[in-house]
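In: Just need the structure, nothing else, for what follows:
(2 chains)
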Amino acid sequence: MQIETETTSDATIINPSGDVDLSVSRELQAAVKKVMEEKPQRVIVNLAGVPYMDSSGVATLVEAMQIARKQETRLVLCGMQDKVRSIFEIARLDKVFTIVDDAGAAASA
Amino acid sequence: MSEAATSNTTELPPPFESLGQPEMRLELLSQPRYLCGGRSMVESVALRLGFDELNAGQIALAVDEALAIVIRHGYDKATDRRIWMSLWPAEPTTGKEGIHIAIEDEAKQVDPAGIKSRDVSEVRPGGLGVYLIEQIMDAARYEQRDPIGMRLMMTKFAKKNPSNDKH
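Out: Residues are numbered from 1 along each chain as shown, chains lettered A, B, ... in the order given. So this is what the prediction gives:
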């Protein structure tokens, strides 16, 4: 898995690519934590390049959400492929996170 | 098989011994980097057994979660232990298109009745694996193997069976 991070004037965008499972979720966790330490106003996790995510990946994002709420960072997920969206739906987390279609929408969500 | 806890139905999954030789069997190390092989295999087979892409992907997720539970909890993250995944088409035993899956290990034995999913209305990281397996599969049963290890038996029917259209 590769993880690229970019910062704009409005947000920090995390772009992971590849499957997120138990073997790599710690990499995503580390990248998200590093971004959150900067306490940005808005963090966008763009999952367009993630065809698969398991519960360890979901746990990483739940943890990020908890940190975001504490420090008043706006966390937005976008670009979810169907298989990734389905795990959020089954776990009933699709209404807990702010999830939008793409990075453009995430900038104002 | 000394103890068993069944979810969803009492008839399914069929007893492991009744299914005979698996039609496909994968042996893998308890190494997270091989999870992708397990889920790729089961997803491909599920597509051939009549599942659509979304359901085949969800079955692969259930298998991935089951394997991850063995690695994390059964083997305490040891990466040199063995896990076996066995597959059977469901039609010969049930008359319906679908799949039976067994995940077996040589890990410490626990009381199957104690393996329960958590309340997902409580939003917190972790603990979703058992819940996802129960939600995705039409039936799942944890049991102790003889003489060592645990076994998870799972059954999922193809979506065209309306009574089994869970997701």
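
In: now the strands for chain B?
Out: The residue ranges that make up the strands of chain B, judged by DSSP state E, are B:4-7, B:24-29, B:82-89, B:98-105, B:139-144, B:150-157.

In: Listing partners with orientation, what would you give for the second one?
Out: The sheet places strand B:24-29 alongside strand B:82-89 (antiparallel), with pairing taken from DSSP bridges.

In: Buried by neighbour count: which residues of the helix or strand bottoming out on mean pLDDT in chain A qualify?
Out: None of the helices or strands of chain A scores lower by mean pLDDT, DSSP states H and E than helix A:103-106, at a mean of 91. Counting neighbours by 16 or more other Cβ atoms under 10 Å in any protein chain shown, one finds that the buried residues in helix A:103-106 are A:103, A:106. C-beta: built from backbone N, CA, C; applies to glycine.

In: which residues touch that helix?
Out: The set of residues that contact helix A:103-106 without belonging to it, under Cβ atoms under 8 Å, 6 or more residues apart in numbering or on different chains, is A:11, A:13, A:44, A:46, A:48, A:76-79, A:100.

In: Which of the residues you listed ranks first by neighbour count?
Out: Among the contacts of helix A:103-106, the one with the most neighbours (other Cβ atoms under 10 Å in any protein chain shown) is residue A:44, at 28 neighbours.

In: Tell me the first helix or strand C-terminal of the host helix or strand of it.
Out: With the criterion set as DSSP states H and E, the secondary-structure element containing residue A:44 is strand A:42-46. Taking DSSP H and E as the definition, the helix or strand that follows strand A:42-46 towards the C-terminus is helix A:55-71.

In: Could I have the CA atoms of that following helix written out in PDB?
Out: Provided in PDB are the C-alpha atoms of helix A:55-71 (Å, rounded to 0.1, in the frame of the first residue of the first chain):
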ATOM      1  CA  SER A  55     -12.200  -4.200   9.900                       C
ATOM      2  CA  SER A  56      -8.600  -3.200  10.900                       C
ATOM      3  CA  GLY A  57      -8.800  -0.400   8.300                       C
ATOM      4  CA  VAL A  58     -12.200   0.600   9.500                       C
ATOM      5  CA  ALA A  59     -10.900   0.600  13.100                       C
ATOM      6  CA  THR A  60      -8.100   3.000  12.000                       C
ATOM      7  CA  LEU A  61     -10.700   5.400  10.600                       C
ATOM      8  CA  VAL A  62     -12.900   5.100  13.700                       C
ATOM      9  CA  GLU A  63      -9.900   6.000  15.800                       C
ATOM     10  CA  ALA A  64      -9.200   8.900  13.500                       C
ATOM     11  CA  MET A  65     -12.800  10.100  13.900                       C
ATOM     12  CA  GLN A  66     -12.500  10.000  17.700                       C
ATOM     13  CA  ILE A  67      -9.300  12.100  17.600                       C
ATOM     14  CA  ALA A  68     -10.900  14.500  15.100                       C
ATOM     15  CA  ARG A  69     -13.900  15.000  17.400                       C
ATOM     16  CA  LYS A  70     -11.700  15.700  20.400                       C
ATOM     17  CA  GLN A  71      -9.600  18.400  18.600                       C
END
